[in-house]
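In: Predicted model, plus sequence, below.
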Amino acid sequence: MTAHARPAGASHPFASDFPLIVQSHLRWDFVWQRPQQLLSRMAESAPVLFVEEPVLLDDVLSERLEITEPAPNVYRAVPRLPSYLREDYDRAIADIRVLVQRAIGPRGPLAGKFDGAVQWFYTPMPAPAMLGAFNERGVVYDCMDELAQFRFAPTDLPDRERLLLDNADVVFTGGHRLYLSKSRYHDNVHFFGCGVDAAHFAQARSAATPVPDDVASLRGPVFGYYGVIDERLDYELLGRLAAANPGASIAMVGPVVKVDPRELPQAENLHWLGQRAYADLPRYVKAFDVCLMPFALNEATEYINPTKTLEYMAAGKPIVSTAVADVVHNFTPVVRVAQSQAEFVELAARVAAAPDPELIERGLWMAQEATWESIVTRMRSLILDAVTSAARDQAAAMLADVAPARSEAWEPAAGSNGGSPTGRVAAAAAGEELSA
C-alpha cells in the first residue's frame, strides 16, 4: 500500500454531504471570490476547514494554529510559524500538517468534525505533505488559475501539480482553457466556470441602493473596474483610456498585489480607490457607466475566466474587455471584446454613449442561469460519484488480494487496479522524490 492509500479496513459512510479540508493559497478575508462563494455554500450541509498558507513571524517561538469561524460552519485555520521556516517551505508544510492533525484529532478543538473528510486543494504546493494525511475519503483539485504562470510562482509548482493530479479523484477547473489543459493529465475533469450571486449584484439596479461618496462625485461617464490589481492588468491601456477621455473618470476598486503602487499610471481622472468589502460592490458598480476588464494578454491571463463578468452582467451594465480567451469563448457578444488597445478605448467611449439594451438583457438572463448554488449541487454529485467509485475499486482490489485463498478459479471484478485505489499513488511524505 502506498503512503497515500486508504488504510486497510478504513470505512466511511458515503453520505451525500461530507466535511471538507481545504488547502488554499488565498486568505479567506482577501477578495471574496470562487473559494468563498463555493465553500460558504458547501458549509451549509457539512463543516469546512479552510487551511491557509503560514504566517511567518519573528516573535513566534513555537508553531500554533489560529482557528476562527468567519462564516457559519467554516473554520479558518491560519498557521503561525517562526520566521526561520521562511526558507524551508516543505518543513513548514510538514509542521502545518501536524498542527491540523492535532486540531481535528480526538483531543483537538475540532474533534469529530472532520472524520471521513474530502480533501480539497486550490494550490498544489502542499500536496506532497498533505495527501493522505487526514484519512480522507477522496481528493478534489479545484484549479481556478494556472498558478505556475503567475509572477513569483515557485519553480517546482508544475511538479507538485502533477503529483496532485495523479492523486486526485476529481478535478474541477474555473476556465475552459484550463479544462482542456488539465484533461491531458486526468480522466475525470469538469469545467465549472463563473457563478454569480445574482440577487446581490441586482442591488446595483435598485433606486434604493446608495452610491458611495468616493465615486458619486466623479465626473461622468465613469469607466469602472473592481478586483485584484496585479500583473494581469494592462496599465498602459488604462493610461491611454484616461488620456483619451479627459472629461470622464476611471474608477479602479481593489487591492494592489505584486505590483508597486508607485508604478501605477497616474492621471487627474484615474482614481485608485483601494479594496472595498464584497457587500459594498453593488453600490460601486451602480456608479459605473461601463464596466471594464482591462486585462493584459500575457502568461498570467492565458487561462483566466474572470468571476466579475457575470457580476457585471447581474448589475445590468455594459462591459468592455480585452481579448482574454475564456471571455471570448464564454461571454461574447454580451461582452464587447477589443482586439487592440485602440479598439478598447473606442469601444468604451461608444458603449458609454449608447449602451445596447438587448445585450444588457441577455447578460441579465445569463447571470440568472449561472448561480453558485447550481454549481455546488453539481460538484457535490461528482465528488460523491468519484469517491464512491474509488472505494469500490479499493474493495475489489482487497478481494483480489485474498482471492487465491477462496477459489483458484475466482477472478477479480473488471476495473480492479491491483490494490492501489484511484487517486492514492506517490508518497513524497514517505521521502520519495516528486515525480515529473
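Out: Perfect, I can see it now. Only a predicted model underlies this, so the values are computations on that prediction, with no experimental measurement involved.

In: so how far is the strand or helix carrying Ala349 from its chain's centroid?
Out: Using DSSP states H and E, Ala349 sits within helix 341-353. Its chain's average C-alpha position is 31 Å from that of helix 341-353, according to CA atoms, centre = their mean, to the nearest Å.

In: what does it contact?
Out: 221, 223, 234, 236-237, 240-241, 244-245, 248, 289-290, 292, 294, 318, 320, 322, 336, 338 (CB atoms under 8 Å, 6 or more residues apart in numbering). From N, CA and C alone the C-beta is placed, and that goes for glycine too.

In: and the helix or strand that that helix is followed by, what other elements does it pack with?
Out: Next in sequence after helix 341-353, counting helices and strands by DSSP H and E, comes helix 357-368. Helix 357-368 sits against helix 198-201, helix 308-314, with contacts defined as 3 or more CB pairs under 8 Å, 6 or more residues apart in numbering; DSSP states H and E.

In: Specify the beta-bridge partners of Val118.
Out: Leu20, Gly138 (DSSP bridges).

In: Ignoring the adjacent residues along the chain, who's closest to Asp29?
Out: Residue nearest to Asp29 in three dimensions, not counting chain neighbours: Pro70, with 6.7 Å by CB to CB, 6 or more residues apart in numbering.

In: Okay, angle between the helix holding Ala349 and helix 357-368 too, please.
Out: 100 degrees (axes from the mean of the first three to the mean of the last three CA atoms, to 10 degrees).

In: Pull out the buried positions in helix 341-353.
Out: Of the residues in helix 341-353, Gln341, Phe344, Val345, Leu347, Ala348, Ala349, Val351, Ala352 count as buried by neighbour count, 16 or more other CB atoms under 10 Å.

In: quick one: secondary structure of the residue nearest to Asp29?
Out: Three-state call for Pro70 (DSSP: H, G, I helix; E, B strand; the rest coil): strand.

In: Which residue ranges of the stretch 301-436 of the chain form strands?
Out: Ranges of strands in the stretch 301-436 of the chain, per DSSP state E, counting those that start in this stretch, are 319-322, 335-338.

In: Deepest-packed of these, please.
Out: Scoring these by mean neighbour count under mean count of other CB atoms under 10 Å gives strand 319-322 as the most buried, with a mean of 24.

In: Packing partners of it?
Out: Partner elements for strand 319-322 (3+ CB pairs under 8 Å, 6+ apart): strand 290-293, helix 308-314, helix 325-331, strand 335-338, helix 341-353.

In: Among those, which comes closest to Gly193?
Out: helix 325-331 (6.0 Å; CB to CB).

In: residues in contact with the closest one?
Out: Residues from elsewhere that reach helix 325-331 (CB under 8 Å, 6+ apart): 175-177, 193-194, 293, 302-306, 309, 319, 321, 335, 337, 366.

In: Those, buried ones only, as a ChimeraX selection?
Out: Buried members of these, defined by 16+ other CB under 10 Å, are picked up in ChimeraX with:
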select :175,176,177,193,194,293,302,303,304,305,306,309,319,321,335,337,366
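
In: Quick one: buried ones out of the contacts of helix 341-353?
Out: Using 16+ other CB under 10 Å, the buried ones in those are 221, 223, 234, 237, 240-241, 245, 248, 289-290, 292, 294, 318, 320, 322, 336, 338.

In: Relative to His25, which of the strands of the stretch 301-436 of the chain is closest?
Out: Short answer: strand 319-322, nearest of the strands of the stretch 301-436 of the chain by CB to CB, at 25.2 Å.

In: Would you give the sheet partners of that closest one, along with the direction of each?
Out: With DSSP bridges as the test, strand 319-322 is paired with strand 290-293 (parallel), strand 335-338 (parallel).
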